[in-house]
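# predicted model follows, preceded by the sequence.
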Amino acid sequence: MTVLLEQESAAHRATPSSIFGTSTIFGWIMVLPALSLFALFILVPFIQTLIYSLYKFGLTSPTKQFVGFSHYIEIVQDDVFWIAFENNIIIAITGIILQIGVGLLLAAILDRGIKRGKSVISAIIFMPIVISTIAIGLLWRLVFDPNTGMIEELFFNMGWSTPMRGWLGDPDIALYAIIFVGFWQYTGFMMIILLAAMQGIPRELYEAAKLDGAGPILSFFNVTLPELRNVLIVCVLITVISAFKVFDLVYVLTSGGPGNSTQVMGSYIVQNAFTIGRMGYANAVSVVLLVIALGLGLVQLHTSRRDK
């Protein structure tokens, strides 16, 4: 008995709490590497961006001129910024309708309507999301090419007219061409998320609905949708955040043109920083975009905690 007590006492003396004084200190030591990386790659760049947004300077300027909050005042009066912001909103709304709507429909068909080949069909639809967005942009530039593009050939063979300036050269159409490419790329991602959630719904609920006389459509609206509520909220938030972070697809397809008609906040930041040479103003727009992204991220965090 005495030997056991001595072993327990020795084990107690070897705990991290006794070695480092308190368990709190030990915990801080454990998270220090992660905190260091966070400070180096996120916190420090954020502070730099915030400070640089208060100065007027170019990419190669040897000096910086302090201008205070004049860049933020200019943002409020900048028509191109509001065009970019509006385009981000349009991409977010259409993404919710198309990506989540069609993804939900495809998930429902795969979950309840298709018995064979489900894995193959899911993989084919999901495939675009694993391809680099740059590669997708280059691919669809060829598809939209007004001279040799596949869509141009299809419309010509069907006897339909096409835009005179091309699909990506018409200010009234170019943004919707980008939206279509985003829809093609991300719908499979939404489908997989929703399909996984559907497969977690207890089958007893469908059996009870069937006993009550509900067919497939009524079961979908009365059983599937209510059970998917939390997952749908998360999908909406993911889509909106992605819409405000979009840059590479726009940059490859149109670079924000023609005439700023497809400008988004990400491409507008790059244009100001590296094309026009207004680094201070680009940093100010970056801060505004960061505030929007943080707000949406907090909403997503609050939603996920509330659903637990």
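Right, received. Where do you want to start? Here the structure is a predicted model, which means the values were calculated and not measured.

# next, the buried residues of the longest helix anywhere in the chain.
The residue-count maximum for a helix in the chain (DSSP state H) belongs to helix 279-306. Neighbour-count burial for helix 279-306, counted by 16 or more other C-beta atoms under 10 Å, picks out 279-289, 292, 296, 300. Backbone N, C-alpha and C define where each C-beta goes, glycine included.

# and which of the residues you listed is nearest to residue 61?
The shortest approach to residue 61 among these belongs to residue 279, at 7.6 Å (C-beta to C-beta).

# and the pLDDT at that closest one?
For residue 279, the pLDDT comes out at 93.

# right, and it touches residue 273 too?
Yes - between residue 279 and residue 273 there is a contact at 5.4 Å, judged by C-beta atoms under 8 Å.

# shared neighbours of those two, anything?
residue 59 (C-beta atoms under 8 Å, 6 or more residues apart in numbering).

# one step back: would you mind checking which of the buried residues of helix 279-306 is nearest to residue 69?
residue 284 (8.7 Å).

# burial measure for residue 29, as a count.
Neighbourhood size, residue 29 [other C-beta atoms under 10 Å]: 11.

# mind telling me what element it is part of?
helix 23-38 (DSSP states H and E).

# which parts of whichever helix or strand comes after that helix are buried?
Scanning forward in sequence from helix 23-38 by DSSP H and E, the next helix or strand is helix 44-52. Of all the residues in helix 44-52, those buried under the rule 16+ other C-beta under 10 Å are residue 52.

# quick one: list the elements packing against helix 44-52.
helix 279-306 (3 or more C-beta pairs under 8 Å, 6 or more residues apart in numbering; DSSP states H and E).

# residue closest to the middle of this protein?
residue 242 (2.0 Å; C-alpha atoms, centre = their mean).

# now do that one, the pLDDT please.
Taking residue 242 on its own, its pLDDT is 91.

# does residue 46 really touch residue 293, like I thought?
No - in this structure, residue 46 is not within contact of residue 293 by C-beta under 8 Å, at 11.5 Å.

# just to revisit the earlier point, give me the secondary structure label for the residue nearest to the centre of the chain.
Classification of residue 242 using DSSP: H, G, I helix; E, B strand; the rest coil returns helix.

# picking up where we left off before, packing partners for the helix holding residue 29?
helix 16-20.

# show me the contacts for the closest residue to residue 55 other than its chain neighbours.
Excluding the flanking residues, the one nearest residue 55 by C-beta to C-beta, 6 or more residues apart in numbering is residue 64, at 4.1 Å. For residue 64, the contact set (C-beta under 8 Å, 6+ apart) comprises 52, 55-57, 280.

# what of residue 96?
Taking C-beta under 8 Å, 6+ apart, we find residue 96 in contact with 236, 239-240.

# let me know the closest of these to residue 68.
In terms of C-beta to C-beta, no member of the contacts of residue 96 lies closer to residue 68 than residue 240, at 31.6 Å.

# I'd say that closest one and residue 92 touch.
Yes - counting by C-beta under 8 Å, residue 240 touches residue 92, with 4.6 Å between them.

# those two: which is more packed in?
Ranked by neighbour count (other C-beta under 10 Å), residue 240 and residue 92 place residue 240 first, with 22 against 19.

# OK, contacts around the more buried one?
92, 95-96, 296.
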